[in-house]
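*Asks:* Please work out how this folds:
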Amino acid sequence: MIYLDFYTIGDLPKGGFDEIRYELLKPINPYIKLEHRILKTADDIESRISSNSYLIVLDELGQTMNSHEFASRLKTIEDKGQHITVILGGAKGLSDNIKKKADLRLSLSPMTTTHNLAHLFFLEQLYRACTINHGKEYHY
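*Replies:* From the prediction side, this is the model:
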């Protein structure tokens, strides 16, 4: 089982986005113990990051991966028994200091998108990676 803290700077998706978010979280539960924390600003994010956690920062300038590569990375982290912390920055992004601490700076797309879409896209990829790693028929 993967243990993951997902920090979102800013607000949660609203309206139809919230419904989609809820539907994405349900199938993730068997694979991941996910704690979602919402912070209004990134001011105190550094104090919340555990030093022994594998830190993934979602960053438009980060490394790109396909779904299988991301699944493989998650499997490696899970096999090591590491806790995972993921940070989705707000409209102003994250400080260079946080980015430097990241074990993985992950780009969801080379294109810029809204906070709501990035949030949902990450959750969907998280679920997709779990189904790949557990041999479920979701990813084709």
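*Asks:* what's the burial count for residue 49?
*Replies:* Residue 49 is surrounded by 16 other residues when neighbours are defined as other Cβ atoms under 10 Å. Backbone N, C-alpha and C define where each C-beta goes, glycine included.
*Asks:* same deal with residue 99?
*Replies:* Going by other Cβ under 10 Å, the residues that sit close to residue 99 add up to 17.
*Asks:* Am I right that it is in a helix?
*Replies:* Yes - the assignment for residue 99 is a helix, going by DSSP: H, G, I helix; E, B strand; the rest coil.
*Asks:* residue contacts, it?
*Replies:* For residue 99, the contacting residues are 57, 59, 105, taking Cβ atoms under 8 Å, 6 or more residues apart in numbering as the criterion.
*Asks:* likewise residue 58?
*Replies:* Residue 58 is in contact with 86-89, 106-108, 118, 122, counting by Cβ under 8 Å, 6+ apart.
*Asks:* Who wins on neighbours among these?
*Replies:* residue 87 (25 neighbours).
*Asks:* tell me the contacts of the closest residue to that one other than its chain neighbours?
*Replies:* With Cβ to Cβ, 6 or more residues apart in numbering as the measure, residue 7 is the residue that lies nearest to residue 87, at 4.7 Å, once sequence neighbours are left out. Counting by Cβ under 8 Å, 6+ apart, residue 7 makes contact with 37-39, 45, 48, 85-88.
*Asks:* I'm done for today, thanks for sticking with me.
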